[in-house]
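> What follows is a predicted structure for the sequence shown.
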Amino acid sequence: MRYAFSTLGLPGAPLDRSAALAAAHGYDGLELRAHPEEPLHPDSPSADRAKGLRTLTAAGVAALGVAGYARVASPGADEPVLAELQALVRLAGDLEAPYVRVFPGGADQSRALADAHAVRRLAAAAPFAERHGVRILLETHDSHRTGAAAARVLDRVAHSGAGALWDVLHTWLGGESPAESRGALYRHLGYVQVKDVASAQDLTPLGLGAGVLPLAETVAAVPPDGWLCWEYEKRWYPGAAELSGQLGRGREYLAHLAAKAKAKAVTCTGTGTVAQAE
């Protein structure tokens, strides 16, 4: 298993600080929030992008993905959305990041119309992304918060340049079990965002394992060579504890869950039983 965290948890932090924290606590990568508040975003000049890549390389940390804010199922014209997707893909390519995160954003429309927007735009952008060595990932979020909803779109796109980002909070809020999410997304999965909260009514971020989300079952459903990315939403909850003091414990907790899942899979295989997610 490979581990990353999102810079959403370190709002506005210089990239060298985020990279140093990742390296110090055993994280293999960073998910980079692509917003003007952050060091790198789609309008960043080429010199800043090159410097960012050098910073990551020097720290021995990969850019897992560029977390953009394009909304592929939103109402309106296609051209602005496609332009935003292309800008995010170029940024990811410059940072040697394999993934770009996008949102659905299809609320206040019929399901059929929101799906049609997302399918059309992802199908148009996916070949461009593939040419740049990047995959656009539709996050399980807002109008398409379950794995089933995201897969409904991605099955129609049917292109390797488009895939899914499984956000465990939103599939859980959508009433979907980790096994159901995996079943829907396994053909499309890029990576998984993990987090923890106290309840469906209180989404203030907590340390991993301190809340109610089904993290053990989720980790067990991730391929052994897959990525787990801790998205700690400090930017939206400024009163939450600082992420920097929790990174070590969070990494250890994820590794513990991954080891348990691996041991169970080996035991089940040895006894001739088909391994199931816990």
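That came through, no problem.

> what is the mean pLDDT for the helix or strand that contains V102?
Assigned by DSSP states H and E, V102 falls within strand 99-103. Across strand 99-103, the average pLDDT comes to 98.

> Can you tell me how far R90 is from V157?
Distance, R90 to V157, by C-beta to C-beta, to the nearest Å: 20 Å. Yep, even glycine has a C-beta here, placed from its N, CA and C like the rest.

> Look at the two and report which has more neighbours.
A direct count of neighbours by other C-beta atoms under 10 Å for R90 and V157 places V157 higher, at 23 against 19.

> Buried residues, stretch 190-207. List them.
Of the residues in stretch 190-207, 190-197, 203, 205-207 count as buried by neighbour count, 16 or more other C-beta atoms under 10 Å.

> Work out the gap between that stretch and the centre of the chain.
Counting by C-alpha atoms, centre = their mean, to the nearest Å, stretch 190-207 is centred 13 Å from the centre of its parent chain.

> Endpoints of it, how far apart?
24 Å (C-alpha to C-alpha, to the nearest Å).

> and it, average pLDDT?
pLDDT averaged over stretch 190-207 gives 98.

> Then stretch 255-264?
Mean predicted confidence for stretch 255-264 is 94.

> Dump the buried residues of stretch 190-207 into TSV; add secondary structure and distance to A50 as well.
Formatted as TSV, those follow (DSSP: H, G, I helix; E, B strand; the rest coil; distance: C-beta to C-beta, whole Å):
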residue	secondary structure	distance to A50
G190	strand	25
Y191	strand	25
V192	strand	30
Q193	strand	28
V194	strand	31
K195	coil	32
D196	coil	36
V197	coil	38
L203	coil	37
P205	coil	32
L206	coil	37
G207	coil	35
